[in-house]
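A.B. asks: my questions concern the predicted model and sequence given below.
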Amino acid sequence: MEFAYPYLFIVGFLGIMAWILVIYRPFKKATIYYGDASGRNRSASRTLVFLLGLIGWILISISVTLPRKPIGLSNNKIKVNDIFFVVDVSRSMLAEDFRPNRLEAAKQKILEFVNLKPADRIGIIMFSERAFTLLPLSTDLDLIRRIVDEIKVGFLGMGTNIGDALALAVARGAQSLADNKAIVLLTDGVSNVGSMTPTQAAQEAADKDIRVYTIGIGGSKDAKIPLGGRAFGRKRYQTIPGGSIDTKTLQTIASLTGGKDFIAQDSEALKDVLEEINKLEKTEIDASSRILYKELYWEFLLLGALVLLLAEFLRVRFLKEEL
């Protein structure tokens, strides 16, 4: 038997200490002796209750460390896609024509995708004036969810650098051994900075057989972004600088790479691209080196809870102590 999270034993240790200080110690001090025989009986009963409580908490402590027993190796193959989400984090993504804004709506759809396709390897790149790899390809669902939550506006400059962001995703994806690779580009603007044009980056993706799905995000040409602060108790807004989505460039990127272009005018429209990606032929990878485990935590948890209940029953029934 082994433990997935042995350091969590400290949680159970704290439970043991709380049980001793809060329950066992007070009722021990309150004990009243009725002669020698009665005193010896109550002392033995206290000892029994204490030992049962201690055993119960030890069992619960073991359960929170997730005990498990190796039962063999997987000889199956699993099918996956390698997918990079390239997310625009320029200030225009704060526009509130989506609820609560464009960026948060995009993040929510990415999370829905992750939940539906747990076997896929997901990477996250965000960009504005500069591009940054927030997460290399990973299958760690908890990590992916935490990283998606960290996608924020404000520290990658002021422009929109689609070309360099796309090129970075292509370079990252080219390192993967998967046959099916895809990039999902989410942007609401026009590329206006960068050392590589979006078309050049798309050609590199095509040369490496990486599909690019583009999503132009924007529900209204009159959308505005909040400025921060209030005037007369109301939010202040500014018209989005730079104009509307460059749909022609997004169409070109998708066409060159064998992907598909989408314009999402509301949150529901974002689902279309995820459904399209879900139809991709998946790549089989050997998972034979993955160890399979039988999880034992619930057995320890149930037994520990039953022992604690027995200790409390004996304390209340025979030692006449209140809960």
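C.D. replies: Alright, I've got the coordinates. Numbering: from 1, shown residues only.

A.B. asks: and E104, how far is that from L52?
C.D. replies: The spacing between E104 and L52, counted by Cβ to Cβ, to the nearest Å, is 51 Å. From N, CA and C alone the C-beta is placed, and that goes for glycine too.

A.B. asks: and if you look at I210?
C.D. replies: 62 Å.

A.B. asks: and what of F132?
C.D. replies: Distance of F132 to L52, computed by Cβ to Cβ: 56 Å.

A.B. asks: how about G157?
C.D. replies: On the measure of Cβ to Cβ, G157 and L52 end up 63 Å apart.

A.B. asks: before we move on, what about A206?
C.D. replies: Counting by Cβ to Cβ, the gap from A206 to L52 is 69 Å.

A.B. asks: for the stretch 1-150 of the chain, give me the ranges with low pLDDT.
C.D. replies: Within the stretch 1-150 of the chain, the ranges that satisfy pLDDT under 70 run 19, 22-42, 72-79.

A.B. asks: returning to that earlier point: settle it for me: which of F132 and L52 has more neighbours?
C.D. replies: L52 (19 against 14; other Cβ atoms under 10 Å).

A.B. asks: now the strands for the protein?
C.D. replies: Secondary structure of the chain by DSSP state E: the strands cover 2-3, 67-73, 77-80, 82-88, 121-127, 131-138, 181-187, 210-217, 224-231, 234-239, 261-264, 283-286, 291-295.

A.B. asks: can I see the domain layout of this structure?
C.D. replies: Listed domain ranges for the chain are 2-72+292-318, 77-286 (source: automatic domain parsing).

A.B. asks: can you tell me which of these is most buried?
C.D. replies: domain 77-286 (a mean of 18; mean count of other Cβ atoms under 10 Å).

A.B. asks: where's it relative to the chain centroid, distance-wise?
C.D. replies: Put simply, domain 77-286 sits 17 Å off its chain's centre (Cα atoms, centre = their mean, to the nearest Å).

A.B. asks: ok, back up a step: for the strands of the chain, give me a markdown table that also has distance to F98.
C.D. replies: Putting these into a markdown table (distance: least, Cβ to Cβ, whole Å) gives the following:
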| stretch | distance to F98 |
| --- | --- |
| strand 2-3 | 44 |
| strand 67-73 | 43 |
| strand 77-80 | 30 |
| strand 82-88 | 13 |
| strand 121-127 | 17 |
| strand 131-138 | 21 |
| strand 181-187 | 12 |
| strand 210-217 | 7 |
| strand 224-231 | 12 |
| strand 234-239 | 15 |
| strand 261-264 | 8 |
| strand 283-286 | 33 |
| strand 291-295 | 40 |
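
A.B. asks: for R46, which of those strands is the nearest?
C.D. replies: strand 67-73 (30.4 Å; Cβ to Cβ).

A.B. asks: in the stretch 151-300 of the chain, which spans are helices?
C.D. replies: For the stretch 151-300 of the chain, the helices defined by DSSP state H, counting those that start in this stretch occupy 162-174, 198-207, 247-257, 271-278, 297-318.

A.B. asks: I'd like those helices as TSV, with mean pLDDT appended.
C.D. replies: Shown next, in TSV, are these (pLDDT from 0 to 100):
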stretch	mean pLDDT
helix 162-174	95
helix 198-207	97
helix 247-257	95
helix 271-278	72
helix 297-318	83
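
A.B. asks: in TSV: those helices, plus distance to I62.
C.D. replies: Output for the helices of the stretch 151-300 of the chain, formatted as TSV (distance: least, Cβ to Cβ, whole Å):
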stretch	distance to I62
helix 162-174	41
helix 198-207	50
helix 247-257	52
helix 271-278	40
helix 297-318	5
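
A.B. asks: tell me which of the ones you listed sits nearest to K69.
C.D. replies: Of the helices of the stretch 151-300 of the chain, nearest to K69 by Cβ to Cβ is helix 297-318, at 10.7 Å.

A.B. asks: centroid residue for this structure?
C.D. replies: R145 (1.8 Å; Cα atoms, centre = their mean).

A.B. asks: might you report the residue contacts of it?
C.D. replies: Neighbouring residues of R145 by Cβ atoms under 8 Å, 6 or more residues apart in numbering: 111, 114.

A.B. asks: that one and S138: what is the separation?
C.D. replies: Per Cβ to Cβ, R145 is found 11 Å from S138.

A.B. asks: kindly report the same for R315.
C.D. replies: R315 is 49 Å from S138, by Cβ to Cβ.

A.B. asks: for T247, same thing?
C.D. replies: 32 Å.

A.B. asks: what do you get for N115?
C.D. replies: Taking Cβ to Cβ, one finds N115 at 15 Å from S138.

A.B. asks: got the contact list for V212?
C.D. replies: 166, 182-185, 202, 205, 253-254, 256-257, 259.

A.B. asks: kindly recompute the last result at 10 Å.
C.D. replies: Each residue near V212 by Cβ atoms under 10 Å, 6 or more residues apart in numbering is listed here: 84, 86, 166, 169-170, 173, 181-185, 198, 201-202, 205-206, 250, 253-261.

A.B. asks: cool, and E112?
C.D. replies: Contacts of E112 by Cβ under 10 Å, 6+ apart are 270-271, 274.
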